[in-house]
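> My questions are about this predicted structure, shown below with the sequence.
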Amino acid sequence: MAARHSFLLSVELKAAGNEARSALEALQEKMGLRDLVSDLAREELWEIEVQARTAGAARETIEQLVRSTNLFANPNKHKYTLAAAGGAEPDDDAAWAAGLADDEVAVLVTDREGVEGESVFSAIRRIGADDVVHIRKWTRWRIRLVEPPTAGDPEVLALIRKIGVATGRRDGLLSNPHSQISRAILPWGEEKVLAA
Amino acid sequence: MSESGPNIAVLRFPGMNCEEETRRSVLATGASCDIFMWNGPTSTLADYDGYVLPGGFSYQDRVRAGAIAAKDRVVDCLFEQAERGKPVIGICNGAQILIEAGMVPGIRAGSVEMGLAHNIMPDRDGYYTRWTHVVVAHERCCATAALKPAETVPIPVAHAEGRFVTRDEGLVDRLFEAGQVVLTYGAPDGTPADGFPDNPNGSSRNIAGISNPAGNVVAMMPHPERSSWMFQLPDDLPGEWGRRRRHARGGDALFGPGPGLGVMSSLVRFIENNGKGA
């Protein structure tokens, strides 16, 4: 009997990312956070659910789609990893925090209506991949802080909010709370909703 | 304001691509106009009587359309000038910058109160361009002061993120009540758009442009500089302006003013009505 299997496909540029570079410059120079933020990386996380008899078959379906279409990654410029994820929500699985170093925090951002994932989902259904049942695109920003964050420090979350959610002319960059949902992942595994 | 008319700055951020057309459109009103670079001397920005942020892709739309430019120092200066009452019009990417900078709707000036989200369209996604019929919903702002109430103005849109949204329940109602929704998408006959394609992006209640409470800052998604002359209009455009366009075929009228010029004329009218430095 077929069941739903969830995966996270992480896609990252092989070369240094211009978008992350611009975001870092904005944080450090335009928002005055140079003393607090030292580096920034950007990945696209595709939350994909496949209806299949086994997790292995579901994984093969996704890998086949990645290899045979250019919808997720271009092998000439992207590298990607595929990991099983326990559920459809970020706080369901540690896969969302994979690769996070001790001095890094992550901000996850997706558009409220899932428009970007929906368009890829439609394209995949048009080419006959009917066993794919859900796709949502997230952006994961990995933020390296100058001072490694410590559990329970309220200033860490305040800083992540200042970086992650645009609330004012000088505050927040990585998501607009009116059009996007965002969450923070802290290196000790804790997750916080930034904008629901 | 010089004797020959107001002096307008068109702010150019890296990645914008409509500054020259926008400048030409402003010049056609009789105003003076310069293109002001984002990294230019901000001390001279105050010398201008009004400002236009044109369309394009500032900072290549990295992070989110308008998000990085909104943090530029020149926007701080723009904010100060707007607080003094000087008019600012943001067109498309310029609108995205004003929204991200919290200058529009500006109920709590400087707070981000709305977003411009991805277009929602049936059976398609992403970037979309078409001629729209924009209806003047309120004529007391700097983008509509020279237009008539309920006037229908054909202006094209071209964007991927143009859907005005907010998570503040009731805000859109309050904006309508306060007259801050200044432009809406309509059908060619001026009746409210009934979904796609007259509303090209799924914007809440057909909103095409919003002002701040004072009416001197406007964020609008359609590109008036692309309908500032009659020859820019397509031959098959429906409605009164389409009829005029077909009548002008082959004659001098083809080089006459188009419907979008009214937006730039409104900017000049607003300055004349409110005086230099407002």
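Here it is on my side, so go on.

> for chain A, what are the nearby residues on the stretch 101-250 of chain B?
B:101-103, B:110-120, B:125-126, B:161, B:163, B:165-168 (Cβ under 8 Å from any Cβ of the partner chain). Bear in mind the C-beta positions are built from the backbone N, C-alpha and C, glycine included.

> those strands in chain A, which residues are they?
A:3-13, A:37-52, A:78-85, A:104-111, A:132-145, A:180-185, A:191-195 (DSSP state E).

> Between the ones you listed, which has the poorest mean confidence score?
Of all the strands of chain A, mean pLDDT reaches its minimum on strand A:191-195 (a mean of 89).

> That strand to strand A:104-111, inter-axis angle?
40 degrees (axes from the mean of the first three to the mean of the last three Cα atoms, to 10 degrees).

> so how far is strand A:191-195 off the chain centroid?
13 Å (Cα atoms, centre = their mean, to the nearest Å).

> partners of that strand, with directions?
strand A:180-185 (antiparallel) (DSSP bridges).

> picking up where we left off before, put together a markdown table for the strands of chain A, with mean neighbour count on each row.
As requested, the strands of chain A are exported to a markdown table (neighbours: other Cβ atoms under 10 Å in any protein chain shown):
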| stretch | mean neighbour count |
| --- | --- |
| strand A:3-13 | 19 |
| strand A:37-52 | 21 |
| strand A:78-85 | 16 |
| strand A:104-111 | 24 |
| strand A:132-145 | 21 |
| strand A:180-185 | 23 |
| strand A:191-195 | 17 |
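
> right, so of the ones you listed, which gets closest to residue B:32?
Judged by Cβ to Cβ, the one of these that comes nearest to residue B:32 is strand A:180-185, at 39.9 Å.

> quick one, the closest one and strand A:132-145 angle?
Put simply, strand A:180-185 runs at 60 degrees to strand A:132-145, going by the same axes, to 10 degrees.

> Report the contact partners of residue 108.
The chain I'm using is chain A. A:45, A:90, A:96, A:138, A:139, A:140, A:141, A:182, A:183, A:184, A:185 (Cβ atoms under 8 Å, 6 or more residues apart in numbering or on different chains).

> Not quite, go with chain B.
Per Cβ under 8 Å, 6+ apart, neighbours of residue B:108: residue B:102.

> What mean pLDDT does stretch B:42-58 get?
For stretch B:42-58, the per-residue pLDDT averages 96.

> Figure out the length between the terminal residues of it.
By Cα to Cα, to the nearest Å, the extent of stretch B:42-58 from end to end equals 18 Å.

> which among the residues of the stretch 101-250 of chain B next to chain A end up buried?
B:101-103, B:110, B:112-120, B:125, B:161, B:163, B:165-166 (16 or more other Cβ atoms under 10 Å in any protein chain shown).

> related to what we said a few turns ago, out of the strands of chain A, nearest to residue B:202?
The nearest among these, by Cβ to Cβ, is strand A:104-111 at 12.5 Å.

> low pLDDT regions in chain B?
By pLDDT under 70, the low-scoring segments of chain B are B:1-4, B:276-278.

> residue in it nearest to chain A?
Among the residues of chain B, residue B:115 lies closest to chain A, at 3.2 Å counting by Cβ to the nearest Cβ.

> residues near residue 175, how many?
Reading this off chain A. Residue A:175 has 28 neighbouring residues, counting by other Cβ atoms under 10 Å in any protein chain shown.

> wrong chain, I was asking about chain B
26.

> Kindly report the same for the one 3 residues further on.
Neighbour count for residue B:178, taken as other Cβ under 10 Å: 14.

> quick one, what contacts it?
Going by Cβ under 8 Å, 6+ apart, residue B:178 touches residue B:213.

> any idea how far residue B:79 is from it?
20 Å (Cβ to Cβ, to the nearest Å).

> cool, and residue B:258?
31 Å.

> In terms of neighbours, single out the busier of these two.
Ranked by neighbour count (other Cβ under 10 Å), residue B:258 and residue B:79 place residue B:258 first, with 27 against 20.

> Surely the more buried one is in contact with residue B:227?
Yes: Residue B:258 is within contact range of residue B:227, at 4.7 Å (criterion: Cβ atoms under 8 Å).

> Mutual contacts of these two, please.
residue B:233.

> And the helices in the stretch 51-200 of chain B?
B:73-83, B:93-100, B:171-177 (DSSP state H, counting those that start in this stretch).

> roughly how far is the second one from the heart of the chain?
From the chain centre to the centre of helix B:93-100 is a distance of 10 Å (Cα atoms, centre = their mean).

> between that helix and helix B:73-83, how many degrees?
Using the same axes, to 10 degrees: helix B:93-100 against helix B:73-83 is 80 degrees.

> For helix B:93-100, buried residues please.
B:93, B:94, B:95, B:96, B:97, B:98, B:99, B:100.

> Just the C-alphas of that helix, formatted as PDB.
What follows is helix B:93-100, C-alpha atoms only, in PDB (Å, rounded to 0.1, in the frame of the first residue of the first chain):
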ATOM      1  CA  ASN B  93       9.800  48.400  -8.200                       C
ATOM      2  CA  GLY B  94       9.700  51.900  -6.700                       C
ATOM      3  CA  ALA B  95       6.400  51.000  -5.100                       C
ATOM      4  CA  GLN B  96       7.900  47.800  -3.700                       C
ATOM      5  CA  ILE B  97      10.700  50.000  -2.200                       C
ATOM      6  CA  LEU B  98       8.200  52.400  -0.600                       C
ATOM      7  CA  ILE B  99       6.200  49.500   0.900                       C
ATOM      8  CA  GLU B 100       9.300  47.800   2.300                       C
END
